Structures are given as C-alpha cells and as structure tokens.
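take a look and give me a structure for this.
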Amino acid sequence: MKEKFIELLKSTNREGIEDLIEFIETKTDFFKAPASTRFHGNYEGGLLEHSMKVYEILKYKVANSVIEINVPEESLIIIALLHDICKVNFYKVDYRNAKNEFGEWEKVPYYTVDDTIPYGHGEKSVMMLTEYLKLTSEEKYCIRWHMGFTEPKESYTTLGLAFKKYPLALLVHEADLEATYFYDV
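Numbers count the residues shown, from 1 in each chain. You can find the predicted model right below:
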C-alpha cells in the first residue's frame, strides 16, 4: 500500500512533491501511524489505509456525483491522500494496566495524543502541505473543511459557504466519513 501511495503522489508531477514524499518517508511516522486513538484505524498503518480508502471513495463519488465536479485527478490524489497529514508524529504509544483474559493485570499499549503543533486539524494539514506544495484554492478548502459537520457548530455557516463554493469539499467530507464508518479505517 505504501508503494501505491507514493506512486500516486508522484503521478501528480506537482512541483515540490518529491520533497514532500521525502519528508513523509524520513521525518514522519505516516506509514505506521494510526488514523485515530480509538474511533477508526486505531492500529499501526491505519492512517495510510484510511487515506487510501478516502481516495478510492472520493474517486467514485466524483465520477457518480449528481452535479458535475470538474477537477483534475492530481487534485483528488493530493486532497484524499494528504487530508490527514496533520496526524503525522501526532500519536504516541503509551501503556496502561488492563486485565487479560485470565483476570490478571498487565500493561497494554494504547495510542495517546502528543500534539506538538497545536494548529487545529484541517488547517494544520493545509499549513503543513503548503510548506512543500502550491495548493489550489479548491484543494485548500477541501482539506481545511474535510471534517465537515464534526467541526464546532459555530463554524457551520462558514462550512456551508465553503461547501457551496466548492462542492468537492462536501464529497471529501462524505468520503472521509464513509471510510471511517463503513470500512472502519
């Protein structure tokens, strides 16, 4: 899956993509990181699997949308595969006591959050990506608002305006939810 992920990113031919790939491979835990601590993909490699599933779902949603979504394939790749780049180096393994199947206490690993760059979620992904790539406005909006209505309710008006301006952003949110709740990744 790692090879396919890198192959897709390289296929964008976006200026800076090689540097971004090098960053991901050498300075992050992207390929080993979980997608969350407990909600979905909370296992080693969950972030990669989640990102690939979002890409697969998003491609389908765009191809079968009730309205025409005219966006280049490279944008779908960047948006879907990198929407959660903010989660690199974000989760750490810690240990807690839990009873095993025999009723005996033992230390078990679990994921916890260690947010060294407290800049939000979608906006953090946009910030990190723009250090390497020039994103289109639509890509920025899609990544920034991919959490959709899980954002605080005070953001709903702005979120609605973003979805009207860039309907692809709504499809990204839906693809993210479907990967999470239909596939548990």
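
run a quick neighbour tally on Phe149.
Phe149 is flanked by 14 other residues according to other C-beta atoms under 10 Å. Quick note: C-beta positions are derived from backbone N, CA and C, even for glycine.

in the lengthiest helix in the chain, what counts as buried?
When the chain is parsed with DSSP state H, its longest helix is helix 46-63. For helix 46-63, burial by neighbour count (16 or more other C-beta atoms under 10 Å) applies to 46-55, 57-58, 61-62.

got these as JSON lines, with distance to Asn97 and pLDDT columns?
As requested, these are exported to JSON lines (distance: C-beta to C-beta, whole Å; pLDDT from 0 to 100):
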{"residue": "Gly46", "distance to Asn97": "24", "pLDDT": "97"}
{"residue": "Leu47", "distance to Asn97": "27", "pLDDT": "98"}
{"residue": "Leu48", "distance to Asn97": "30", "pLDDT": "98"}
{"residue": "Glu49", "distance to Asn97": "29", "pLDDT": "98"}
{"residue": "His50", "distance to Asn97": "29", "pLDDT": "98"}
{"residue": "Ser51", "distance to Asn97": "33", "pLDDT": "98"}
{"residue": "Met52", "distance to Asn97": "35", "pLDDT": "98"}
{"residue": "Lys53", "distance to Asn97": "33", "pLDDT": "98"}
{"residue": "Val54", "distance to Asn97": "35", "pLDDT": "98"}
{"residue": "Tyr55", "distance to Asn97": "39", "pLDDT": "98"}
{"residue": "Ile57", "distance to Asn97": "38", "pLDDT": "98"}
{"residue": "Leu58", "distance to Asn97": "41", "pLDDT": "98"}
{"residue": "Lys61", "distance to Asn97": "43", "pLDDT": "98"}
{"residue": "Val62", "distance to Asn97": "47", "pLDDT": "98"}
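
max pairwise distance over the residues you listed: which two?
Using C-beta to C-beta, those span at most 24.2 Å, a distance reached by Gly46 and Val62.

what packs against the longest helix of the chain?
The contact analysis (3 or more C-beta pairs under 8 Å, 6 or more residues apart in numbering; DSSP states H and E) places helix 46-63 against helix 2-11, helix 73-82, helix 167-181.
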